[in-house]
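> Quick one, structure for this:
(one chain, ligands or ions: 1)
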Amino acid sequence: MKVKIRKGDTVQVISGRLEDKGKRGEVINVILDTRRVIVQGVNIRTKHQRQVQTQSNRNINPGRIHFEGPIHISNVMLVCPTCKEPTRVGVKRDEDGAHRVCKNKDCQAIIA
Ligand SMILES: [Zn+2]
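Here you go, the predicted model:
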């Protein structure tokens, strides 16, 4: 199945870790290989880090680093920008190509 969620979309967490359930956030990355997404503010992990030097010679300060861990795409639903509800995504084809559409019964808006 094709991944219908893109970077910049807003998604809602529908399952997974309890504290994340129901959260909404912007998709900041889509990892197609593993069918996972990274969502702003969701699945926050803490990493204890010693001072390290990156390849570009920047120092990263030691301490706790918070970062978003990837979550599986099946744990999120796209939030339709028109009706603001989580929805399954349909595909509609016309002369301009394929468009994603909201599958909520009363909406069916095209999702940019
Ligand atoms: Zn909608």
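> pretty sure K23 is touching N43, no?
No - here K23 lies out of contact with N43, judged by CB atoms under 8 Å, at a distance of 9.1 Å. Every C-beta, even on glycine, is put in place using the N, C-alpha and C of the backbone.
> what about the two, which has more around it?
Ranked by neighbour count (other CB atoms under 10 Å), K23 and N43 place N43 first, with 21 against 17.
> out of everything not next to it in sequence, what's closest to the more buried one?
Leaving aside its sequence neighbours, N43 sits nearest to G69 (CB to CB, 6 or more residues apart in numbering; 4.3 Å).
> How about S15?
Closest residue to S15 apart from its sequence neighbours, by CB to CB, 6+ apart: N75 at 5.0 Å.
> so the residue nearest the centre of the chain bridges to which residues?
Centroid-nearest residue in the chain: V27, 3.2 Å away (criterion: CA atoms, centre = their mean). Note on V27: beta-bridge partners by DSSP bridges are V39.
> wait, isn't it in contact with V3?
No - with contact defined as CB under 8 Å, V27 does not reach V3; the gap is 10.6 Å.
> what about the strands in this protein?
For the chain, applying DSSP state E gives strands covering 10-13, 24-31, 36-39, 44-49, 52-53, 59-60, 63-68, 71-72, 76-79, 86-87, 89-94, 97-102, 110-111.
> Okay then, goodbye and thanks.
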